[in-house]
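Trainee: Okay, structure incoming, though there's no sequence with it:
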Ligand code: GLC
């Protein structure tokens, strides 16, 4: 089929999106836990970075060196920005001490505050998509944080007394604001450091995070107890936030002990007659010990796992698939990444996993999982439509924008990635019709692949993965 023919075919496939969205209102409950924070967003230019380097007389050689991905000095902060800017990539580095937090506050500042953390972003997305009740965990909920929740009655959490109330209207007065800088840059912008000129190849962001509570995966006891009650009708539990857990906590205990603590709590949340589907959003977990522990102790025991191309490579690195990781890193395309998915699938032995990469989403699951291949495809198409609305309009804060992109064509980039994936699948498992209908099954595994709508000049990128994963899953009805 020609490219134009395929575009028409996919436009027809995508026609289910409005209906899928309506079905989300039939979902009784979603728990979104654990990380919620304030994102202080700023668009930065190469010139501003150069100015900070000069004004603060920073060591330019040090800025270009490789080093630990955390922020302990001014040079580290700029090194992180420059690293992401020059490579057009997204990374998140942690700020262990208060001094650097204050320095960034003074020298970088921010343009606006928005909802941050996978837990918060997913909760807002689920609520605006109409899920009956969204329960969101907040390690901290001062007023500045609460007002970033959408003003919707179906989005709730616990107040100081332990009552479930609308999240945007709660103010836990003694709580700390947890702030993450989202430093965004544009493709084509240039930057000179140590006499070398760099051009940013792709619009992206660097995240600098100071967050003493989420660093410890602090879990609010009141919320934890409430969610274990039988009256909480949770059909899905979407987990995230492990990626910023520190290797060693301030009091010296290992970070992994917090993973164990969370596991006990999650077990209680699942110990109801509803048997919720558990999903983990892997996110960019810099610490390798935490990353490996998370895979072995959380991901292996749940239903579904979500990641992007970078996070997939990170997983391969800690499960001893170095060669494959290198291939994926060198050529980050659908065929290499799919090989990576197969490896992770056999390592984790979980029921479902989803990759969201530029232009294409791919789900790999065991045949017979409670979500059918077709439901998955329809959920993924809805996710692509909503993600395009978010990129194109800047936010999905009201339900009227959700379907903004529903009549747009899928990208040629996505179609060509899909074609290559289909060829690989033909070689591995035989003939298939992935290119036209996005579904392959052989009774053992299902592969669902959906080319997505690409917005050329996205107004925002942060939180895109969280939005895609959660809508793909909960929208798969
Ligand atoms: C990470 C960041 C957070 C951001 C989120 C987006 O959790 O810490 O600030 O909002 O990623 O996915």
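Mentor: Received the coordinates, thanks. Please read these numbers as outputs of a predicted model, since none were measured by experiment. Residues are numbered from 1 along each chain as shown.
Trainee: Show me which residues of the stretch 1-150 of the chain sit near the ligand.
Mentor: 35, 37, 39, 92, 116, 117, 118, 121 (C-beta under 6 Å from any ligand atom). In short, each C-beta sits where N, CA and C put it, glycine included.
Trainee: Equivalent analysis for the stretch 351-477 of the chain, please.
Mentor: Counting by C-beta under 6 Å from any ligand atom, the residues of the stretch 351-477 of the chain near the ligand are 462, 463, 466.
Trainee: I'd like the list of those that fall within helices, please.
Mentor: residue 466 (DSSP state H).
Trainee: okay, the residues of the stretch 351-477 of the chain next to the ligand in a markdown table with pLDDT and neighbour count next?
Mentor: A markdown table is the format used below for these (pLDDT from 0 to 100; neighbours: other C-beta atoms under 10 Å):
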| residue | pLDDT | neighbour count |
| --- | --- | --- |
| 462 | 86 | 21 |
| 463 | 91 | 24 |
| 466 | 96 | 25 |
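Trainee: could you flag which of the residues of the stretch 1-150 of the chain next to the ligand are buried?
Mentor: The neighbour-count test (16 or more other C-beta atoms under 10 Å) marks 35, 37, 39, 92, 116, 117, 118, 121 as buried among those.
Trainee: And those, which two are furthest apart?
Mentor: 92 and 121 (13.8 Å; C-beta to C-beta).
Trainee: What are the boundaries of the helices in the stretch 301-450 of the chain?
Mentor: Assigned by DSSP state H, counting those that start in this stretch, the stretch 301-450 of the chain shows helices spanning 309-318, 322-330, 334-348, 373-393, 412-429, 434-437.
Trainee: how about the ones you listed in a markdown table, adding distance to residue 84, mean neighbour count and mean pLDDT?
Mentor: Output for those, formatted as a markdown table (distance: least, C-beta to C-beta, whole Å; neighbours: other C-beta atoms under 10 Å; pLDDT from 0 to 100):
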| stretch | distance to residue 84 | mean neighbour count | mean pLDDT |
| --- | --- | --- | --- |
| helix 309-318 | 11 | 22 | 96 |
| helix 322-330 | 16 | 16 | 97 |
| helix 334-348 | 21 | 20 | 98 |
| helix 373-393 | 19 | 25 | 98 |
| helix 412-429 | 22 | 18 | 98 |
| helix 434-437 | 33 | 18 | 97 |
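Trainee: Which of the ones you listed sits closest to residue 172?
Mentor: Nearest to residue 172, of all the helices of the stretch 301-450 of the chain, is helix 373-393, at 28.3 Å by C-beta to C-beta.
Trainee: For the stretch 151-300 of the chain, which residues are neighbours of the ligand?
Mentor: Counting by C-beta under 6 Å from any ligand atom, the positions of the stretch 151-300 of the chain adjacent to the ligand are 180, 207, 209, 244.
Trainee: quick one: pLDDT of the closest residue to residue 226 other than its chain neighbours?
Mentor: Spatial nearest neighbour of residue 226, excluding adjacent residues (C-beta to C-beta, 6 or more residues apart in numbering): residue 158 at 5.6 Å. As predicted, residue 158 sits at a pLDDT of 96.
Trainee: what do you get for residue 354?
Mentor: Per-residue confidence at residue 354 stands at 98 (pLDDT).
Trainee: So what's the residue count around residue 400?
Mentor: 10 (other C-beta atoms under 10 Å).
Trainee: Next: residue 1.
Mentor: Counted with other C-beta under 10 Å, residues neighbouring residue 1 total 12.
Trainee: roughly how far apart are it and residue 246?
Mentor: As judged by C-beta to C-beta, to the nearest Å, residue 1 and residue 246 stand 51 Å apart.
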